[in-house]
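Visitor: Provide a 3D model corresponding to the input given below.
(one chain, ligands or ions: 1)
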Amino acid sequence: MLKINKDLCNGCKICTKVCPFGAMKMVDEKAEATEECTLCGACVKTCPENAITIERRRVDPSKFKDYKGVWVLAEQVEGQLRNVSLELLSKGRELAEQLGEPLCAILLGHEVAGLTDTLAAHGADIVYISDQKRLAEYTTDAYTDVISALILTEKPNVVLIGATANGRDLGPRIAARLRLGLTADCTGLSIDDKRQLVQTRPAFGGNIMASILSPYTRPQMATVRPNVFKPPEPNPSHKAEIRTVDIKVNPAAVRTKIVETIKTGEEGELKVEEAEMVVSCGRGIKGPENIPTVAELAKELNAALGGSRPIVDAGWMEHHQQVGQSGRTISPRLYIACGISGAIQHLVGVAGSAEIIIAINSDPEAPIFTVSDYGIVGDLHKIIPALVKELKRVKAQK
Ligand SMILES: Cc1cc2nc3c(=O)[nH]c(=O)nc-3n(C[C@H](O)[C@H](O)[C@H](O)COP(=O)(O)OP(=O)(O)OC[C@H]3O[C@@H](n4cnc5c(N)ncnc54)[C@H](O)[C@@H]3O)c2cc1C
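Guide: Below you'll find the model as predicted:
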């Protein structure tokens with residue numbers, strides 16, 4: 001929390017001017033922080049009287065050794081494990097081995113015991129399972145209560161959560177409840193020579209990669225983008241110890257109720273984050289009337305149809321189809337970018353993970369060509385129909 005020493009404060013108002021959140025005000029000629037304060041520290045650095053300090057909760061470093069285990073939230077929806085949980089088990093295994101600690105999965109839900117074998121086969125040494133009717137569907141309160149209580153008793157060293165819609169909701173809640181650090185939306189994880197978790201994520205609009213540590217609190221928590229790591233090959237002979245969690249959800253503590261679930265996308269529509277092939281279009285398609293041309297190419301290839309942000313912002317495609325930093329991260333075997341310039345915010349969603357990238361762009365200098373395996377310079381309105389025609393011809397021959 002922010003502490004202001006009123007005896008030292010000289011009422012100079014510098015802090016009110018430097019605060020980027022407008023969270024400092026003057027009361028009786030002394031500085032005071034409002035609820036908008038994010039503890040960014042701008043005022044601390046600029047106060048000429050050193051009257052402002054931030055008091056952070058710290059775990060005594062000598063107690064770090066009490067925290068053991070790399071935990072992965074095994075997120076399931078309607079009894080199906082999310083792929084990102086398996087991806088995290090893969091990375092978690094690597095981290096656990098480096099630390100010499102067990103890899104654990106936390107599984108919450110109702111009638112989900114059948115998933116424990118899958119978690120074991122994907123590398124979990126221990127599976128913590130909380131099977132209750134009140135956990136059948138994700139609610140922030142119920143999941144936060146159970147996982148926070150479990151963390152307090154079991155003291156893991158690392159907690160990893162998929163940066164799905166639910167994970168992005170849950171991670172910060174747990175971190176705030178337990179007053180822990182959290183790095184959101186990581187794209188890289190490693191262990192440094194001081195056995196700390198190095199959490200890497202794009203910062204400043206994707207222009208730099210920031211490596212973030214949690215030196216003061218344990219466990220070290222991160223949410224991680226789907227499709228960044230490859231899921232491990234399952235090994236059915238790998239068994240896990242199953243630990244039943246005896247923490248009951250207090251119904252009075254759950255403030256939300258799922259009234260209706262509306263699924264995005266059409267029935268049977270391939271999802272960009274899951275498809276083996278993705279064809280995306282950008283502003284180069286000029287108008288929504290040209291989307292069917294690109295969609296036909298996607299259909300011929302049995303690929304998912306995606307788009308860049310301007311296409312989604314214009315309402316020509318749904319948000320779940322957006323590829324990039326503020327959309328989905330994808331890892332297809334083949335990515336075809338049609339009329340997409342290759343801005344960094346688009347590329348962070350695909351460039352590191354797609355096996356082959358083909359770009360179609362009329363501008364030979366377009367940045368997308370610097371990351372493409374194959375580039376076609378020309379008008380997509382001519383090239384795509386020609387590709388579709390050729391695909392149809394080859395298929396007909398077969
Ligand atoms: C915080 C932040 C987050 C963002 N998140 C995302 C994100 O998640 N995903 C994303 O995509 N963007 C994102 N952006 C936006 C990003 O910076 C770019 O503005 C965007 O990716 C550009 O989209 P585009 O390539 O479709 O359009 P443009 O940059 O306008 O490129 C259009 C391309 O089409 C080509 N072209 C034009 N006509 C033809 C033709 N007839 N045939 C072939 N090629 C043609 C042009 O040469 C050009 O290269 C984000 C930006 C910010 C600031």
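Visitor: list the buried ones in stretch 277-290?
Guide: Within stretch 277-290, the residues scored as buried using 16 or more other Cβ atoms under 10 Å are 277-282, 284-285, 290. Where you see a C-beta, it was placed from the backbone N, CA and C, and this is true even at glycine.
Visitor: among these, which are in reach of the ligand?
Guide: By Cβ under 6 Å from any ligand atom, the members of the buried residues of stretch 277-290 lying near the ligand are 282, 284.
Visitor: Among the buried residues of stretch 277-290, which ones are in strands?
Guide: The strands, defined by DSSP state E, take in 277-281 from these.
Visitor: any chance of the residues you listed in TSV, plus pLDDT?
Guide: Formatted as TSV, these follow (pLDDT from 0 to 100):
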residue	pLDDT
Met277	92
Val278	96
Val279	97
Ser280	98
Cys281	97
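Visitor: Turn those residues into a markdown table, including distance to Glu154.
Guide: Shown next, in a markdown table, are these (distance: Cβ to Cβ, whole Å):
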| residue | distance to Glu154 |
| --- | --- |
| Met277 | 42 |
| Val278 | 39 |
| Val279 | 45 |
| Ser280 | 43 |
| Cys281 | 47 |
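Visitor: In the stretch 51-200 of the chain, which residue sits nearest the ligand?
Guide: Asp185 (11.7 Å; Cβ to the nearest ligand atom).
Visitor: got a list of what the nearest residue to Thr200 once chain neighbours are set aside touches?
Guide: Spatial nearest neighbour of Thr200, excluding adjacent residues (Cβ to Cβ, 6 or more residues apart in numbering): Gly188 at 3.4 Å. Going by Cβ atoms under 8 Å, 6 or more residues apart in numbering, Gly188 touches 198-201, 209, 228.
Visitor: next one: Phe229
Guide: Taking Cβ under 8 Å, 6+ apart, we find Phe229 in contact with 87-88, 90-91.
Visitor: okay, it: pLDDT?
Guide: Phe229 is assigned 90 on the pLDDT scale.
Visitor: Could you pull up phi and psi at it?
Guide: phi -110, psi 150 (degrees, to the nearest 10).
Visitor: From Thr261, how far off is it?
Guide: Going from Phe229 to Thr261 by Cβ to Cβ, to the nearest Å gives 28 Å.
Visitor: Quick check: can you list the domain ranges of this structure?
Guide: 2-54, 61-253, 277-397 (automatic domain parsing).
Visitor: Relative to Glu267, which of those domains is closest?
Guide: Of all the domains of the chain, domain 277-397 sits nearest to Glu267, with 13.9 Å by Cβ to Cβ.
Visitor: wait, does stretch 371-390 contact the ligand?
Guide: Yes: judged by Cβ under 6 Å from any ligand atom, stretch 371-390 comes into contact with the ligand at 379-381.
Visitor: burial count for Glu233?
Guide: Residues near Glu233, counting by other Cβ atoms under 10 Å, number 9.
Visitor: Would you mind measuring from it to the ligand?
Guide: Taking Cβ to the nearest ligand atom, to the nearest Å as the measure, Glu233 falls 31 Å from the ligand.
Visitor: Helices of the stretch 251-398 of the chain, start to end?
Guide: 291-301, 309-313, 344-347, 368-371, 380-397 (DSSP state H, counting those that start in this stretch).
Visitor: Any chance of TSV for the ones you listed, columns mean pLDDT?
Guide: Converted to TSV, these look like this (pLDDT from 0 to 100):
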stretch	mean pLDDT
helix 291-301	96
helix 309-313	97
helix 344-347	93
helix 368-371	95
helix 380-397	96
